[in-house]
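In: The following block contains a protein sequence and its predicted model.
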Amino acid sequence: MRMSLAQRVLLTWLFTLLFLIMLVLKLDEKANWNWFLIFIPIWIFDTILLVMLIVKMASRCKSGYDPRNGSQNLKKKVWYLVAMLLKLAFCLTLCAKLEKFTDMKLTFVFLPLWALLIGAMVELGLNIFCDRRD
């Protein structure tokens, strides 16, 4: 199943809009929903992305695939998988903190997000400076 760029943009926009509407209702105290419920659109979207990523990574296991052609591609897909898991960890710890399930410091809640941002900056730097050398 392949989605066009317009379909992907529309899907992203739809889930973001749904999340923001639910967030505004929660923050305006119009709805007394659980924070885990507010983040459901984000988790559905992330699940779709994870499934697509895992399917692409699993396609490397089929017969006739030459592993020498896609080693850089696999590294990038592994980074995407780690980034998605860090984002998921941040969302879960944030919801747990907002629901007061845990008495965790905000520093620990934001550790996955900071790791994700540092990793993104490293990847950006590598992409910029490796392309410039070639």
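Out: Arrived safely. Numbering: from 1, shown residues only.

In: Now do the SS call for Thr102.
Out: State at Thr102, reduced to three classes by DSSP: H, G, I helix; E, B strand; the rest coil: coil.

In: Where does the residue sitting nearest the centre point of the chain sit, in terms of helix or strand?
Out: Closest to where the C-alpha atoms of the chain average out (C-alpha atoms, centre = their mean) is Met84, at 3.5 Å. Assigned by DSSP states H and E, Met84 falls within helix 71-98.

In: out of everything not next to it in sequence, what's closest to the residue nearest to the centre of the chain?
Out: Nearest residue to Met84 in three dimensions, chain neighbours excluded: Leu50, at 5.5 Å (C-beta to C-beta, 6 or more residues apart in numbering). For every residue, glycine as well, the C-beta is placed using N, CA and C.

In: For the one you found, grab the count of nearby residues.
Out: Applying other C-beta atoms under 10 Å, we find 15 other residues in the vicinity of Leu50.

In: And for Leu86?
Out: 19.

In: how close does it sit to Trp33?
Out: Note on Leu86: its distance to Trp33, by C-beta to C-beta, to the nearest Å, is 25 Å.

In: for Lys105, same thing?
Out: Distance of Lys105 to Trp33, computed by C-beta to C-beta: 25 Å.

In: more neighbours, these two?
Out: Trp33 (13 against 10).

In: Correct me if wrong: the more buried one contacts Leu27.
Out: No. In this structure Trp33 lies outside contact range of Leu27 using C-beta atoms under 8 Å: 10.9 Å.
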